[in-house]
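Student: Model the following, please.
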Amino acid sequence: MRAFFVQIKCDLGKSYQVATAIADKEIASEIFSTAGEFDLLVKFYLQDDEDIGHFVAQKVQTIAGIRDTFTIVTFKAF
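Tutor: Numbering: from 1, shown residues only. Below is the predicted model of the structure:
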């Protein structure tokens, strides 16, 4: 399994609805609200042979209320 994070910028006033929609889809390991440029930080796990870009484009960016995303690919956990 490969872990990666997606920072999500939501439409104004929609961060809780977006977080709930992600939780309801049961695709994320953890969902955090954050302060700063992005509203949410979400941790995902995929199998090594799954395409992260396709997953983000099809499963995450299609959720209503998401304005922008920034994907952080991880290499090793310590």
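Student: So what's the residue count around residue 44?
Tutor: Using other CB atoms under 10 Å, the number of residues around residue 44 comes to 22. C-beta coordinates here come from the backbone N, C-alpha and C atoms, glycine included.
Student: Surely it is in a helix?
Tutor: No. Residue 44: not assigned to a helix; according to DSSP: H, G, I helix; E, B strand; the rest coil it is strand.
Student: okay but it is in contact with residue 4, surely?
Tutor: Yes. Using CB atoms under 8 Å, residue 44 makes contact with residue 4 at a distance of 5.7 Å.
Student: and for these two, which residues touch both?
Tutor: By CB atoms under 8 Å, 6 or more residues apart in numbering, residue 44 and residue 4 have no common neighbours.
Student: What's the first helix or strand after the lengthiest helix in the chain?
Tutor: When the chain is parsed with DSSP state H, its longest helix is helix 15-25. Proceeding N to C from helix 15-25, the next assigned helix or strand is strand 30-33, under DSSP states H and E.
Student: Parallel or antiparallel, list what pairs with that next one.
Tutor: Next to strand 30-33 in the sheet, as set by DSSP bridges, lie strand 40-46 (antiparallel).
Student: quick one on the thing from earlier: for the longest helix of the chain, which positions count as buried?
Tutor: Going by neighbour count (16 or more other CB atoms under 10 Å), the buried part of helix 15-25 is 15, 18, 19, 21, 22.
Student: Please apply the same query to stretch 40-59.
Tutor: When burial is assessed from 16+ other CB under 10 Å, stretch 40-59 yields the following buried residues: 40, 41, 42, 44, 46, 55, 56.
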